[in-house]
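1. have a look at this prediction, sequence included:
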Amino acid sequence: MSRAASLLAAARAAGLTIATAESCTGGLISGAITEVAGSSDIFDRGFVTYSNAAKQAMLGVRAETLAEHGAVSEAVALEMAVGALIGSTADLAVSVTGIAGPGGSEHKPEGRVCFGLARRGGETHVETVEFGALGRGAVRAATVDHALDLLIGAAG
């Protein structure tokens, strides 16, 4: 069973719906979820907020947060996840913002991805994963897998 199918089963059993807020994956998490037949039972919506302006307009990420921490930060991932809950009817929201590559910098290397996981009425969890310089496609694929795993854990 694929991760997305496992998520569908876990969320359906728990009566939970899901939203996504994606930057570096550009909608791939939403795509993985909706690839599974019956995903409309649990998937509310996805926000693709690649630019900082989109993060602000669609998810309510504060300009101050972006200026102080940069787009690739746990602070922004938190605001993205919370914004996805506010802008949806979902029970759970996952957010991702990172540097898929190529490139990066000394302070924000290629393969760094910040994740947010928000639950309506609950706390928001954030974490950073250093996937390394695997190449753009591999970093994005690893990000999708990790985001789905976070959602499965929260739904289970």
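-> Received the coordinates, thanks.
2. give me the residue at the spatial middle of the protein.
-> Within the chain, one residue has its C-alpha closest to the average C-alpha position: by CA atoms, centre = their mean, that is S95, at 2.4 Å.
3. show me what contacts it?
-> Under the criterion of CB atoms under 8 Å, 6 or more residues apart in numbering, the neighbours of S95 are 20-23, 77-78, 80-81, 84, 115-118. From N, CA and C alone the C-beta is placed, and that goes for glycine too.
4. closest to A13 among those residues?
-> L117 (18.4 Å; CB to CB).
5. and the closest one, what element?
-> Using DSSP states H and E, the element containing L117 is strand 112-119.
6. can you list the strands that that strand pairs with?
-> Looking at strand 112-119 with DSSP bridges, its paired strands and their directions are strand 92-98 (antiparallel), strand 124-130 (antiparallel).
7. would you reformat the ones you listed as TSV and include mean pLDDT and distance to L151?
-> Conversion of the strands paired with strand 112-119 to TSV gives the following (pLDDT from 0 to 100; distance: least, CB to CB, whole Å):
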stretch	mean pLDDT	distance to L151
strand 92-98	98	5
strand 124-130	98	11
